[in-house]
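Student: structure for the following, please:
(chains A, B, C and D)
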Protein chains: 2
Amino acid sequence: MSRRAFHRAPEGERRQDLIEATLDCIVEFGLKGATLRQIAIRAGVTAGLVRHYFDSKDQMVAEAYRAVIASLTEKAEAVKGNPETRLREFIVINLTEPVANSRSLSLWAAFISQVRVDTTLAEIHREGYLSFRNALEGLLEDFLIAKGQTPADGECRRLAIAINGLMDGLWLEGCLAADLFRESELVTIAMTSVEAMLGLPLTQTNNRT
Amino acid sequence: MSRRAFHRAPEGERRQDLIEATLDCIVEFGLKGATLRQIAIRAGVTAGLVRHYFDSKDQMVAEAYRAVIASLTEKAEAVKGNPETRLREFIVINLTEPVANSRSLSLWAAFISQVRVDTTLAEIHREGYLSFRNALEGLLEDFLIAKGQTPADGECRRLAIAINGLMDGLWLEGCLAADLFRESELVTIAMTSVEAMLGLPLTQTNNRT
DNA sequence: GCAGAAATTATTCAAGCGTATAATAACGCG
DNA sequence: CGCGTTATTATACGCTTGAATAATTTCTGC
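Tutor: The predicted model follows:
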């Protein structure tokens, strides 16, 4: 009787593989189809191994959610350049691959639908949302100040909410039905709309050709 | 040995009760927690009855999704009045109760996350989305024409996409974190933003005091 | 108020779930 | 090279799931 051959992976790597496999399964089979056995198959291990790396399946799923949030926000929070460029880049990043695609939406929706059920997930969510909106608010403040304006109290907050809403919504549309839009149509719409909301142009600067 | 007492309900009523119970369970326990037994408890019947009214649990869930879509769109599509009032009303309806609340979002997200998994749900979704956006596009066209404009080809489509995106996003924010916004703050933000995007004021008309 | 139809309950079933535990293979270190 | 550690597999367990079927109650029409 011979057992399956295997190799011992470094802890961090295996954990990441398991999380990635979890996300793959959620996308492909939904949250309820993402069983330990399916996840294990996807990760190329056996189901029992999960509990060697995580206290429970639920804990692994929560960490997988953290990974999703991170993948949705990390790029946008790392933009560099002058305020105008950063604001433009922020918009572009959030409305194009890899942030905007149907896989991201599937994952995001799967977890959001659990926020009411699982308080752990609810916390992870709120953290991510606030940090994202604060980043946008900072971007807007920098931009307005750079344009010589002194935004009134609460003005940046109001704009951040509105623009965040607009971008969430366009992101949603882009993820749900990418085929209904021409290439980069959503980015153009977002730029035009944000310009209208700010009452200022977002001229393309610093673009290398 | 005595069995549980019961009464025979009219077909339509019982079906509706079962669908309602299904949605309640999805909100409270998530899609994977919405089991036949839980649903039956909620509906005040026993689990076996479900298959007397539906071919399978999956079919019942699909019909429950149809009901959700209908509840999210029926009010907005019934607005009356002149174009400006209808546009205003459309915005208000979609950003206030009962369309905008955390229950709606939970349900919507639960189903959206399954769109990739279940082709039946995917069809129901696309139908609902397009009919909603078309309604908005018609509203915008009527409004612009009433304002003496002759919108260029594709202009209404572009505006409908952008405004639909904005409203989806604000709806999302309102559902996710209602406590972060003052009463009707989102409606105000939406109005201001739409005015900016259209380049036209949305004066409050026909309001009875 | 009885008979027949059918709505509802009760029970059973196989499959799949997450978890627990024991056996074993791989690797690092002397 | 062999030994101990532990990452990994394998197996078993108790429970829940959706579905199927049988038993029973309710209701309608006469």
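Student: what's the longest helix in chain A?
Tutor: Of all segments of type helix in chain A, defined using DSSP state H, the longest is helix A:119-146.
Student: quick one: what helix or strand has the spatially closest residue to A:Gly199 that is not a sequence neighbour in it?
Tutor: Take A:Gly199 and drop its neighbours on the chain: the residue closest to it by C-beta to C-beta, 6 or more residues apart in numbering or on different chains is B:Ala196, 7.5 Å away. All C-beta atoms are positioned from the backbone trio N, CA, C, and that covers glycine. Counting by DSSP states H and E, the element that carries B:Ala196 is helix B:185-198.
Student: ok so, going back, can I assume the residue nearest to A:Gly199 is in contact with A:Val194?
Tutor: No. The criterion here is C-beta atoms under 8 Å, and B:Ala196 misses it with A:Val194 at 9.6 Å.
Student: so what secondary structure elements neighbour the helix holding B:Ala196?
Tutor: If you count contacts as 3 or more C-beta pairs under 8 Å, 6 or more residues apart in numbering or on different chains; DSSP states H and E, helix B:185-198 packs onto helix A:155-176, helix A:185-198, helix B:83-95, helix B:119-146, helix B:155-176.
Student: what residues of the second one count as buried?
Tutor: By neighbour count on 16 or more other C-beta atoms under 10 Å in any protein chain shown, the buried set for helix A:185-198 is A:Glu185, A:Leu186, A:Val187, A:Ile189, A:Ala190, A:Met191, A:Ser193, A:Val194, A:Ala196, A:Met197, A:Leu198.
Student: then the fourth one?
Tutor: For helix B:119-146, the buried set under the neighbour-count rule, 16+ other C-beta under 10 Å, comprises B:121, B:124-125, B:128-129, B:132-133, B:135-137, B:139-144.
Student: near DNA strand C, from those?
Tutor: When contact is defined as C-beta under 7 Å from any atom of the strand, the buried residues of helix B:119-146 do not meet DNA strand C at all.
Student: which SSE is the residue positioned nearest the centre of chain A in?
Tutor: What sits nearest the mean C-alpha location of chain A, by C-alpha atoms, centre = their mean, is A:Leu72, with 1.8 Å. Assessed by DSSP H and E, A:Leu72 sits inside helix A:57-73.
Student: and the angle from that helix to helix A:155-176?
Tutor: Using axes from the mean of the first three to the mean of the last three C-alpha atoms, to 10 degrees, the inter-axis angle of helix A:57-73 relative to helix A:155-176 is 110 degrees.
Student: tell me the helices and strands packed up against helix A:57-73.
Tutor: Under the contact definition 3+ C-beta pairs under 8 Å, 6+ apart, helix A:57-73 sits against helix A:11-29, helix A:50-53, helix A:102-112, helix A:119-146.
Student: now what about it, what contacts it?
Tutor: Outside helix A:57-73, the residues that touch it by C-beta atoms under 8 Å, 6 or more residues apart in numbering or on different chains are A:18-19, A:22-23, A:26, A:31, A:34, A:36, A:50, A:53-54, A:98-99, A:104, A:107-108, A:111, A:118, A:120-121, A:124-125, A:127-128, A:131-132, A:135.
Student: mind redoing it with 6 Å?
Tutor: Helix A:57-73 is contacted by residues A:19, A:22-23, A:36, A:54, A:99, A:107, A:111, A:120-121, A:124, A:128, A:132 when judged by C-beta atoms under 6 Å, 6 or more residues apart in numbering or on different chains.
Student: pick out the most distant pair among those residues.
Tutor: The largest separation in the contacts of helix A:57-73, counting by C-beta to C-beta, is between A:Leu36 and A:Phe132 at 31.2 Å.
Student: which ones are touching the residue of chain A found nearest chain B?
Tutor: Chain A approaches chain B most closely through A:Gly169 (3.0 Å), counting by C-beta to the nearest C-beta. For A:Gly169, the contacting residues are B:Gly165, B:Leu166, B:Asp168, B:Gly169, by C-beta under 6 Å, 6+ apart.
Student: one more time with 8 Å
Tutor: Counting by C-beta under 8 Å, 6+ apart, A:Gly169 has contacts B:Asn164, B:Gly165, B:Leu166, B:Met167, B:Asp168, B:Gly169, B:Leu170, B:Trp171, B:Leu172.
Student: one more: A:Leu105?
Tutor: Counting by C-beta under 8 Å, 6+ apart, A:Leu105 has contacts A:Trp171, A:Leu172, A:Cys175, A:Leu176, B:Ile112.
Student: which of these scores worst on pLDDT?
Tutor: When the contacts of A:Leu105 are compared by pLDDT, A:Leu176 scores lowest at 80.
Student: touching, that residue and A:Ser102? I think so.
Tutor: Yes. Counting by C-beta under 8 Å, A:Ser102 is a contact partner of A:Leu176 at 7.3 Å.
Student: show me which residues of chain A are close to DNA strand D?
Tutor: A:1, A:3-4, A:6-9, A:11, A:14, A:40, A:45-49, A:52-53.
Student: filter these down to just the ones in helices.
Tutor: Per DSSP H, the subset of the residues of chain A next to DNA strand D in helices is A:Glu11, A:Arg14, A:Ala40, A:His52, A:Tyr53.
Student: quick revisit: higher neighbour count, A:Leu176 and A:Ser102?
Tutor: Between A:Leu176 and A:Ser102, counted using other C-beta atoms under 10 Å in any protein chain shown, the more crowded position is A:Leu176 (18 against 15).
Student: tell me the contacts of the more buried one?
Tutor: Going by C-beta under 8 Å, 6+ apart, A:Leu176 touches A:Ser102, A:Leu105, B:Ile112, B:Val115, B:His125, B:Tyr129.
Student: if anything else comes up later, I'll come back, but that's it for now.
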